[in-house]
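Trainee: sequence unknown, structure follows:
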Ligand SMILES: C[S@@+](CC[C@H](N)C(=O)[O-])C[C@H]1O[C@@H](n2cnc3c(N)ncnc32)[C@H](O)[C@@H]1O
């Protein structure tokens, strides 16, 4: 396959294929590294609460976890797709009754499948805004009117405060809320958005973190949410 190259926000070259290779080699330790820590569990709990609420109308339908990784949220999905063989293989082992395929999010319409809802977490942060827009447009071809799309993206406002610099292997994507609305395009109507990880939890003693979570959820539902670390969105497919 021809390798496509782009620049990340630091002007460094990155390719979406290299992102997938990175996850292939990370797969075996990914769950423990990323979500086995108290920081990871905190983020997971916040995301899970929103997924449960926003997916409720599609709970009995066909739900796709796009870039499903090792299957972290496959309990909410009937289908999973991930570009990494290694990540998808782990997801299959954990969820043998679910349909999990290897495939690129950019090529989702080529799978010829229809879903009542699609969710896509922790993918767009690794890609460019134009790839993100392409994937969201592809999702619109796979969800009928009234169906749902849930996704997240790091907040560019928060990153402007913290001076965050992405490591070179991915695109380091982060957007403001108006930029997300632009990327979302005309086929989706925004239903709700929230902030995730409002508090700088890595600076808080581990024992206190759980106590902070309800306050974090609450701040993430106020206008302060644009300053949270991640923005999480729920959109509805327009007719
Ligand atoms: C940070 S992990 C997130 C996994 C899962 N969504 C979660 O939240 O636990 C990102 C995943 O995106 C997958 N990925 C990267 N580029 C992709 C692409 N172009 N299409 C589909 N999956 C991709 C990686 O293989 C990896 O499993």
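Mentor: Done, it's in. None of the values given here were measured: they were computed from a predicted structure.

Trainee: and the residue of the chain found nearest the ligand, how many neighbours does it have?
Mentor: For the chain and the ligand, the shortest gap (CB to the nearest ligand atom) falls at residue 69, measuring 2.5 Å. Any C-beta I mention is one placed from the backbone N, CA and C, and that applies to glycine too. For residue 69, the neighbour count with other CB atoms under 10 Å is 25.

Trainee: Let's verify it: helix, strand, or coil?
Mentor: Classification of residue 69 using DSSP: H, G, I helix; E, B strand; the rest coil returns coil.

Trainee: so what's it up against?
Mentor: The contact partners of residue 69, taken as CB atoms under 8 Å, 6 or more residues apart in numbering, are 23, 30, 82, 84, 87, 91, 122.

Trainee: which SSE is residue 137 in?
Mentor: Residue 137 belongs to helix 129-140 when assigned by DSSP states H and E.

Trainee: which secondary structure elements does that helix contact?
Mentor: strand 117-120, strand 148-154, helix 177-184 (3 or more CB pairs under 8 Å, 6 or more residues apart in numbering; DSSP states H and E).

Trainee: pLDDT value on the nearest residue to residue 98 once chain neighbours are set aside, please?
Mentor: Leaving aside its chain neighbours, residue 98 sits nearest to residue 74 (5.5 Å; criterion: CB to CB, 6 or more residues apart in numbering). According to the prediction, residue 74 has pLDDT 98.

Trainee: So residue 74 versus residue 99, what's the distance?
Mentor: Distance, residue 74 to residue 99, using CB to CB, to the nearest Å: 10 Å.

Trainee: neighbour count winner among those two?
Mentor: Shown here are residue 74 and residue 99; by other CB under 10 Å, residue 74 has more neighbours (21 against 14).

Trainee: Contact partners for that one?
Mentor: Here residue 74 is in contact with 65, 68, 80, 91, 94, 95, 98, 100 (CB under 8 Å, 6+ apart).

Trainee: Can you list the buried residues in the helix or strand hosting the last one?
Mentor: Residue 100 is located in strand 99-102, with elements delineated by DSSP H and E. With burial defined by 16 or more other CB atoms under 10 Å, the residues of strand 99-102 counted as buried are 100, 102.

Trainee: Same question for stretch 221-239.
Mentor: Applying 16+ other CB under 10 Å to stretch 221-239 flags 225-237 as buried.
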